[in-house]
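Trainee: Could you work out the structure for the sequence below:
(chains A and B)
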Amino acid sequence: MAILKLENITKRYKDHVAVDDVSFQVEPGTIFGMLGPNGAGKTSTIRIITTITGPDSGQIYFEGEKLNKNHPSRMGYLPEERGLYKKMKVGDHLLYLAQLKGLSRTDAAKKCKMMLDRFGALEWWNKKVEELSKGMQQKIQFIATIVHDPVLLILDEPFSGLDPINSGLIQDEIYRLRDEGVSILFSTHRMDQVEEMCESIILINQGKNVLMGNVDEIRNENKQHLFSVRYKGTLPTTYSGGLELIKQYDDKATFRIPDQDTPNHLLQFLMGAGCEIHSFHEILPTINEIFISKVKGMSHE
Amino acid sequence: MNNKIWIVARREYLSRVQKKSFILVTLLTPLGIALFSVLIGVIMSAGSNSDQKIVIKDETGIIRSIASEDKDFPYDFSDKSFDVLREDYSSLGYDLFVHLPALKDTSTMRISASYYSNEKPSLMMLEGIESRLGDQVELYRMRKSNIDQKLLDSFRANISLENGAMDPDDPSGTAAAGKLNIIIGTALGGLMGIMMYLVIFIYGSMVMRSVMEEKLSRIVEVMVSSVRPIQLMMGKLIGVGGVGLTQLAIWGFLLGVILMVVPAFLPGGDPSQLSDMNAMPQVNQESFDGFSGKQIIAALFNIKWWLIIPVFILFFLGGYFIYSSMFAAIGSAINEDMGEGQQLMLPIVFVVMIAFYMLFPVLSDPNGTLAVFASLFPLFSPIIMPARLAFDPPWWQIVLSIIIMLGTVWFFIWLTSRIYRVGILMYGKKVTIKEMIKWLRYSN
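Mentor: Numbering: from 1, shown residues only, chains lettered A, B, ... in the order given. As a prediction, this is how the structure comes out:
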């Protein structure tokens, strides 16, 4: 059963449709990426999931139940725009946020200390938030998001403003949580991270669902039938059977094969022409390329 | 769910009360007010105590002879000729020269004199000279008619409505409803009214600023996923209200201590004690004309504090919630620009100012039509009703006023929370009141 399921969600504001008939579902223990350019409707969608606002139409199910106001306590939401009370002490702040998530004071204290320790930041307990660097504050916010053991984590640009070391730390934590069975809804612009981390994605543009599915499948479906070859010798000057040389540089060359053809045909052709093949692999489009082509295509409509 | 309101309120309360500045402000404010009133007193009296030197050329032959009997007569007389004085009065060290020409008829009503001065004298100073000189002429004429000063004094009567009973069956009536009580009631009513007025702005703007900060620093973004906006708003209102109550309680306690300690010094006590010697005549001079410090303290203890204090606290909270909820809504609607806030605040400021200015006619007629209306109308009642409390308003008015006020509190919290929940997540748009009214209709 999907942990989160959106069915035909629509949200209208006075002058525009922020979310237009969006449907997707997040499977337990997976990382689900939500992509889209600025203003695509990602934050609006997240606010509907966290019951900050309600949809105009459509249904949402959380763990199979119709979404209600008690569900957000089982979610952890790290908003893109996030702040902390500057004058508060780190420990007090974490306790406060944890208590608001429903933890008792003693449980919250135990949990917050444990989490700070895991991030190597226990000595910050009595420091004021304003004494911390921006990256440190980000860590505190991340801890506050997961302190109450949510089953669904909603992370909006969780790595913005973090250095590579802290980025890696948070990334490892996300993987750890996923392996423990937590589901993660991950919203970002960083396509490399999406490819690296997400099993499935949805691409939203202008409030609409543009593309959805498993990352590998999407890349396969959008492939241009391109193959990269490293070779020794000389390439043939003419090609038959629809084979096409796209580009060539040093000992590398890129070929396109016809839709229905197999790569074996290309290999055979090249070997027959006396080329010595050192490597041969398919070039799949990156999510970034797919993203750009889809979004551009829409804005030209 | 309501548990969250208390968690928020607790943080809002503790984060303010634990600050050093809170303790400092709470203790220093009464001191500041005391200093301020002394300063105002000094400024007010500075005008009347003129150190200007005045010289008079008296050709009537009346004033000088009479005035010479009065050791305190403040002006100098000169025998020099009119022309010399007119030319040289300032080089002789005088600021003003008054010339009284000889009278053709000593019994005339109008005596016209002239004055010469380098600077324009104040109206108060001229009137002072006129009455001083007039007094001398009056005295002269009385003597001339052989009227004895003692005889004249014996005609005088001074009626003073010191004691009065509103309820003839009330044995304590004479003491409880006397003039002194009315003076104290007016002072107390004015004090409570002004305090409510200050409370609305001080704590209201505290709420507004804090809402604005949470919005601009994007803390709300984090908060709203765990707390409903109305819980966040209510928690803040309750927390800041608690700060206000704490402050009031401390001030009330300090005032109580002063009231308990001062009477100990009053009944004769140690005459060498300076505070005693200084305090007594001052109290007697000022507005409490003729009442002893002891009487005043007794009257203060006669006030129905058991009724006034709880009702005042109720109105304090009611007024606080009505206005602070509006300030919270404004705080949620504005962006970086405080100017926007001031614009939106204008209608509130306007209403509170009206209530404040109503305080004065209400205190002079505390059971009149205006007073009754203003103490029932919920936007005015938090300021007006406490001011009337010391005048024993009918109990049904107090109860009705509280009921209307509580209903209004509920209504405003409902209304403003609908604006608040939209406002806190709305960025970068200049918001008008019209826009805020539209938010009321948003479904979610």
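Trainee: host element of the residue of the stretch 251-400 of chain B found nearest chain A?
Mentor: Closest residue of the stretch 251-400 of chain B to chain A, CB to the nearest CB: residue B:335 (13.4 Å). Bear in mind the C-beta positions are built from the backbone N, C-alpha and C, glycine included. Counting by DSSP states H and E, no helix or strand carries residue B:335.
Trainee: I'd guessed it sits against residue B:423; true?
Mentor: No. Judged on CB atoms under 8 Å, residue B:335 makes no contact with residue B:423 at a distance of 10.0 Å.
Trainee: Counting neighbours around each, name which of those two comes out higher.
Mentor: residue B:423 (26 against 16; other CB atoms under 10 Å in any protein chain shown).
Trainee: Strands along the stretch 201-301 of chain A, start to end?
Mentor: All strands of the stretch 201-301 of chain A, identified by DSSP state E, counting those that start in this stretch, fall at A:208-214, A:226-232, A:244-249, A:252-256, A:276-283.
Trainee: Ok, which of the ones you listed comes nearest chain B?
Mentor: Of the strands of the stretch 201-301 of chain A, nearest to chain B by CB to the nearest CB is strand A:208-214, at 21.5 Å.
Trainee: Residues of chain A that sit close to chain B?
Mentor: Residues of chain A lying near chain B by CB under 8 Å from any CB of the partner chain: A:14, A:47, A:50, A:52-54, A:69, A:72-73, A:75, A:77-88, A:96-97, A:99-101, A:141, A:144.
Trainee: was I right about residue A:81 contacting residue B:221?
Mentor: Yes. Between residue A:81 and residue B:221 there is a contact under CB under 8 Å: 5.2 Å.
Trainee: Tell me where the model's unsure across the stretch 151-300 of chain A.
Mentor: A:299-300 (pLDDT under 70).
Trainee: which residues in it form helices?
Mentor: Ranges of helices within the stretch 151-300 of chain A are A:164-179, A:191-197, A:215-221, A:263-272, A:287-300, based on DSSP state H, counting those that start in this stretch.
Trainee: Of these, flag the one that's most buried.
Mentor: helix A:191-197 (a mean of 17; mean count of other CB atoms under 10 Å in any protein chain shown).
Trainee: who's in contact with that helix?
Mentor: The contact list for helix A:191-197, computed with CB atoms under 8 Å, 6 or more residues apart in numbering or on different chains, reads A:31, A:33, A:35, A:159, A:171, A:174-175, A:186, A:188, A:201, A:215, A:286-288, A:291.
Trainee: State the pair within those residues that is farthest apart.
Mentor: Farthest pair in these (CB to CB) is A:175 and A:291. Separation: 23.2 Å.
Trainee: For the stretch 151-300 of chain A, which residue gets nearest to chain B?
Mentor: Going by CB to the nearest CB, chain B is nearest to residue A:154 of the stretch 151-300 of chain A, at 8.1 Å.
Trainee: how close does that residue sit to residue A:293?
Mentor: Going from residue A:154 to residue A:293 by CB to CB, to the nearest Å gives 27 Å.
Trainee: now swap in residue A:37 and tell me
Mentor: Counting by CB to CB, the gap from residue A:37 to residue A:293 is 13 Å.
Trainee: Please give me every residue in contact with the residue positioned nearest the centre of chain A.
Mentor: Closest to where the C-alpha atoms of chain A average out (CA atoms, centre = their mean) is residue A:33, at 3.1 Å. Residues near residue A:33 by CB under 8 Å, 6+ apart: A:186, A:187, A:188, A:194, A:197, A:198, A:200, A:201, A:202, A:215.
Trainee: Reformat these as CSV; add distance to residue B:88.
Mentor: What follows is those, written out as CSV (distance: CB to CB, whole Å):
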residue, distance to residue B:88
A:186, 97
A:187, 93
A:188, 94
A:194, 100
A:197, 101
A:198, 102
A:200, 106
A:201, 103
A:202, 101
A:215, 107
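Trainee: Tell me the one of these nearest residue B:191?
Mentor: Distance to residue B:191 across these (CB to CB) is lowest for residue A:187, with 56.7 Å.
Trainee: Alongside chain A, which residues does chain B contribute?
Mentor: When proximity is defined as CB under 8 Å from any CB, chain B approaches chain A at B:4, B:7-8, B:11, B:15, B:214, B:217-219, B:221-228, B:425, B:438, B:443-444.
Trainee: Mind checking which of those are buried?
Mentor: Among the residues of chain B next to chain A, those classed as buried by 16 or more other CB atoms under 10 Å in any protein chain shown are B:4, B:7-8, B:11, B:15, B:214, B:217-219, B:221-228, B:425.
Trainee: Before I go, just wanted to say thanks for your time.
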